[in-house]
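1. only the shape, not the letters, is given here:
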C-alpha cells in the first residue's frame, strides 16, 4: 500500500515516514528540494517536491503520479509552518497551500481512501483558565494565535468538501528527539535555570511524537471518516511536574527557579519579534508563541481518540522525556 506524507522533512513528518517504513508501506515523502533530508536517509523513501503554491502545476504533478504509480491509499498531510517571518504566511501556507492541495487531489482524480490532516489543539484554542474545564470537541473553536486560526481555516475548508475522506488529528504539545521548541526549555534547565511563566499553576498536556505517528496510521487503517480528535497521552501535568521530570532526566538536583511575570515575557517576545524582524528572522519566543505559553489550561477531551482507534499512548511524559533527553545528549545538543 502507498502512503504520501507531506511535510516529511519536519519534526513530526520525519517520524511519520519512519513509522510508514516500519509498517511496510511504499512510502512517498513530500519534501522541498531545499529542505534537509538529515532524518530521511532510508533508500526506500521516494521523494516528491510538490508545488503547493501553484494549483495548476500541483494538479499536473498529481495526475502524472496517478498515471505512473497509481493513487495513494493514504495521505498524511503534515505540511505547514509553526512560525513565520511574515505573519500573513500562516494563512498562505497552512490554509492556502492546503486548499490548493486538496483541490488538486480532487481535480486530478487522486483523492485517497483516507486523508489524515495533522492539525493542532491550537485550532480550538485554550481551555478556561478559571474553571480548568477541559477543551471539548463540542466546544466552539476560539483560536487565539495566528497559527491556530490558520489551522482551523484549513480544517473548515476540508470539512466543507462533500464526501472528502478526512480525519483531523489535533495534537497537544508534541515533543521528542529532533524537536526544537521544548528543547529550549530542556537546555535552559540543563544550564541550571527553571523558567516559569506567570504566578498561576499551568496545566499541560503532551503527546510523544512516536505515539502521534502510531495514531496517524491507526486513523488511516480505520473505517472512520469526517471526524476530528484531540490527541494527548491521556494524562495531565502541572508546570512544576513537567520541570521536575526534565530536571530528573538531566540529573540536575539544584536549579534556580525563575518565575517571570507574564507582562515581562510578553515584552520580551514582542521586542524580539521586532528586532529579529529587521533581519528577516523569527525568534523562538515570538508574539504567537507567547500567546501559547501564557495559557494556563491545555487540558482536553481525549477519550474519543482512545475509544475510536483503540489507542493507548506508549509514552507518558516521564518515559518520553527520558528518551528525548538521551537523544539530545547523544547528538550533543545538550
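-> Right, received. Where do you want to start? Worth saying up front: this structure is predicted, and the values here are computed from it rather than measured.

2. return the set of buried residues in stretch 299-308.
-> 299-302, 305 (16 or more other Cβ atoms under 10 Å). No exception for glycine: its C-beta is placed from N, CA and C like everyone else's.

3. any chance you could map the helices in the stretch 151-300 of the chain?
-> Ranges of helices within the stretch 151-300 of the chain are 181-190, 209-221, 239-250, 262-278, 287-293, based on DSSP state H, counting those that start in this stretch.

4. after the shortest one comes which helix or strand?
-> It stands for helix 287-293. Heading C-terminal from helix 287-293, the first helix or strand you meet, by DSSP states H and E, is helix 303-309.

5. sec struct for residue 67, please.
-> At residue 67, secondary structure determined by DSSP: H, G, I helix; E, B strand; the rest coil is helix.

6. quick revisit: tell me which two of the buried residues of stretch 299-308 sit farthest apart.
-> Greatest spatial distance in the buried residues of stretch 299-308: 299 and 305, 14.1 Å, computed using Cβ to Cβ.

7. just checking, what packs against the helix or strand that contains residue 75?
-> Using DSSP H and E, residue 75 maps to strand 74-77. Secondary-structure packing of strand 74-77 (3 or more Cβ pairs under 8 Å, 6 or more residues apart in numbering; DSSP states H and E): strand 2-6, helix 98-107, strand 114-118, helix 209-221.

8. so what touches the next helix or strand after it?
-> Next in sequence after strand 74-77, counting helices and strands by DSSP H and E, comes helix 89. Contacts to helix 89, defined as Cβ atoms under 8 Å, 6 or more residues apart in numbering, come from residues residue 81.

9. what do you get for stretch 10-18?
-> Contacts of stretch 10-18 (Cβ under 8 Å, 6+ apart): 5-8, 27, 29, 39-40, 42, 45, 76, 78-79, 118, 174, 176, 178-180, 209-210, 212-213, 216.

10. could you pick out the buried ones from those?
-> 5-8, 27, 29, 39-40, 45, 76, 78-79, 118, 174, 176, 178-179, 209-210, 212-213, 216.

11. poorly predicted segments of the stretch 151-300 of the chain, please.
-> Across the stretch 151-300 of the chain, the ranges flagged by pLDDT under 70 are 198-199, 260-295.

12. coming back round to it: specify which member of the buried residues of stretch 299-308 is nearest to residue 226.
-> Nearest to residue 226 among these, with distances taken as Cβ to Cβ, is residue 305, at 15.5 Å.
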